[in-house]
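Enquirer: This is a predicted model, with the sequence first.
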Amino acid sequence: MAKIAFHLTVSEGKRLIARAVAALPEVRKGLETGTVIICKGSTNAYIVEEVLGRTIDKPTYLTGNTQPVRGASPMTAERVPDVVLRAGVPLEGVSAIAAAADLGPGDVLIKGANALSPDRRMAGVLVGDRTGGTVGNTAGHVIGKNALQLTPVGLEKTIAGDLWEIAGRVNDQEPALSDIPQLWISQGRIITEIEALAVLAGVEALPMAAGGINGAEGATWFLAWGDEATLDRCRAIVDSVQGEPPFHTPSQ
């Protein structure tokens, strides 16, 4: 069995995950006959591009986000409407929360995450809105109406520890500390770069190292294995996403 190793930056990983999500049979079926809701988020901005087949100004497709406290590059303050598609057609003026009320079997809601425990197959979402935010106002509809929730999240968001224990500590707050975000444990099917490589190339892979410099901060090294034909597909897919500009840099 042959092996290859390669690394992906954070933005390259987001593009890889986005292509895999758009290629999932459940998403393709939802785009044909059902409803697909793409909630706002950095990885989901790439998914919007892959689903719509065109580029967007990705920083406009954010809600809460993490940036350096000092010295951050300026980004647009503009925000665009949620992308909700019914039978592949974008619905005008329909928010993700409003659309969730009409979900049913075969429909898909896509919501990213802020924390990942890959070994435990768990992801967490920071909730700063005291009304529950997007996740708090859609999760009940997804579960109760037997829709599918996908959680696309890059391995750079991996944290140590048990997310249930961490969430318990984070969410046990006195009123005076109410400015601290809550941590919601996601019930969605997690799609990392590992699952993306399986979907797009049929390859098995694992993370082998992380970190970098000169624009590769947050990068992840991967080891992939399989027969030569499978690895050739993997090489082609990796090559197609490498060079993806950082999130705030417009694509050329």
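Expert: That came through fine.
Enquirer: ok, then the element right after the lowest-mean-pLDDT helix or strand in the chain?
Expert: Least confident helix or strand, the chain: helix 133-144 with a mean of 91, by mean pLDDT, DSSP states H and E. The element immediately downstream of helix 133-144 (helix or strand, assigned by DSSP states H and E) is strand 148-152.
Enquirer: who does that next one touch, helix- and strand-wise?
Expert: helix 10-23, helix 25-33, helix 42-52, strand 108-110, helix 133-144, strand 189-191 (3 or more CB pairs under 8 Å, 6 or more residues apart in numbering; DSSP states H and E). Yep, even glycine has a C-beta here, placed from its N, CA and C like the rest.
Enquirer: Can you mark which positions in the fifth one are buried?
Expert: Burial within helix 133-144, assessed by neighbour count using 16 or more other CB atoms under 10 Å, is assigned to 133-139, 141-142.
Enquirer: I'd like the distance between Leu197 and Pro207.
Expert: 11 Å (CB to CB, to the nearest Å).
Enquirer: let me fix that: Val127
Expert: 27 Å.
Enquirer: the helices in the stretch 101-250 of the chain, which residues?
Expert: According to DSSP state H, counting those that start in this stretch, the stretch 101-250 of the chain carries its helices in the segments 133-144, 163-171, 193-201, 228-241.
Enquirer: closest one to Ala20 among those helices?
Expert: helix 193-201 (3.5 Å; CB to CB).
Enquirer: Need the contact partners of the closest one.
Expert: For helix 193-201, contacts defined as CB atoms under 8 Å, 6 or more residues apart in numbering pick out 8, 13, 16-17, 19-21, 23-24, 118, 154-155, 191, 203-207, 220, 222, 224, 230, 233-234, 237.
Enquirer: one step back: now render the helices of the stretch 101-250 of the chain as a markdown table, adding distance to Gly88.
Expert: A markdown table is the format used below for the helices of the stretch 101-250 of the chain (distance: least, CB to CB, whole Å):
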| stretch | distance to Gly88 |
| --- | --- |
| helix 133-144 | 20 |
| helix 163-171 | 35 |
| helix 193-201 | 20 |
| helix 228-241 | 24 |
